[in-house]
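Asker: Task: produce atomic coordinates for the following.
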Amino acid sequence: NFDITPFQTVLVDELIPYVDANFRTIADQPHRAMAGLSMGGMETRTITMNKPEVFSHYALMSGGVYKPEDIKDKSKVKLIFLSCGSKEKPDAVKSSAAALKEAGFNAVSYISEGTAHEFQTTSFAILVDEEGNCSAILRVSFRQSIEPDCIALPPQVPCKFFFHSQRFFPRHWFQVDVLV
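Answerer: Below you'll find the predicted structure:
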C-alpha cells in the first residue's frame, strides 16, 4: 500500500505555504487547484479526498477518476477535470464525468485522440486568480539531487526554484517550475 502521508504533508504543510509566502497568490481553498498526471493523478485524487479544505479545482490526467460518492462536500468543489489518451480507458473517464455532472458537479472530460499513457509522471499545482482563472501552473518534480544542468531555465519556464523537506525527504529535493 502506498502511503501518501509524507508527500501530502510536504505539499500541504510546507510547499503551499512557501509558495503563498513568496509568490503572489490568493491563499485560500476557492482559489487553489491540484492536478496530476499518472501517479501524480493518483496522488492528486488521494490528497484532494483527504484535504478538501485545501483545493477547489481537481484534475486527473491519465490518473484515475472520481465517483460522486467519493466527494463528501460538493459545495467545496468548483471544477473536476478528467482526461486520458484514447488508447487508455476513455470510457471510464467519460462515464465518470457524466456521473459527476448528473450529481451536480462541474465536471469536464477530455480524451486525447491517438495517445496512450505516455507522458513523464509529474504533479501539477494550479494557482487560480480572484475570478477563478488560472494564474500560474507549478510543475513539481521529485529529484534525488540538484545537478548543475537543472539550474538552467528552459525558455518555456519563466521561474524555477528547488524545495527541500528536511523532515520527510532529507536526501531529496522537489524541483518547482513556474510554467505560466
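Asker: C-alpha from now on. contacts and neighbour counts both.
Answerer: Will do.
Asker: From what I see, S62 and C84 are in contact.
Answerer: Yes: with contacts counted by Cα atoms under 8 Å, S62 reaches C84, the gap being 4.4 Å.
Asker: Mutual contacts of those two, please.
Answerer: H117 (Cα atoms under 8 Å, 6 or more residues apart in numbering).
Asker: any weak-confidence spans in this structure?
Answerer: Applying pLDDT under 70 to the chain flags residues 118-180.
Asker: rerun at 80
Answerer: Within the chain, the ranges that satisfy pLDDT under 80 run 1, 23-24, 37, 110, 112-180.
Asker: would you list every one of the helices in it?
Answerer: Secondary structure of the chain (DSSP state H): helices at 5-9, 16-22, 39-50, 90-102, 148-151.
Asker: so who does V65 touch?
Answerer: With contacts defined as Cα under 8 Å, 6+ apart, the neighbours of V65 are R45, L82, A92, V93, S96.
Asker: What is the burial count for the third one?
Answerer: Spelled out, that is A92. 15 (other Cα atoms under 10 Å).
Asker: For it, which non-adjacent residue is spatially closest?
Answerer: Spatial nearest neighbour of A92, chain neighbours left out: V65 (7.5 Å); criterion: Cα to Cα, 6 or more residues apart in numbering.
Asker: For that neighbour, what are phi and psi?
Answerer: When quoted as degrees, to the nearest 10, the phi and psi of V65 stand at phi -140, psi 170.
Asker: circling back: which of the contacts of V65 are buried?
Answerer: Neighbour-count burial (16 or more other Cα atoms under 10 Å) applied to those gives R45, L82, V93, S96.
Asker: could I get those as CSV with distance to D28?
Answerer: Below are the buried ones among the contacts of V65 laid out as CSV (distance: Cα to Cα, whole Å):
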residue, distance to D28
R45, 19
L82, 23
V93, 28
S96, 27
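Asker: Show the contacting residues for the residue nearest to N106 when sequence neighbours are not counted.
Answerer: Spatial nearest neighbour of N106, chain neighbours left out: L79 (5.0 Å); criterion: Cα to Cα, 6+ apart. Contacts here follow Cα under 8 Å, 6+ apart; on that basis L79 touches S56, H57, Y58, F105, N106, A107, V108.
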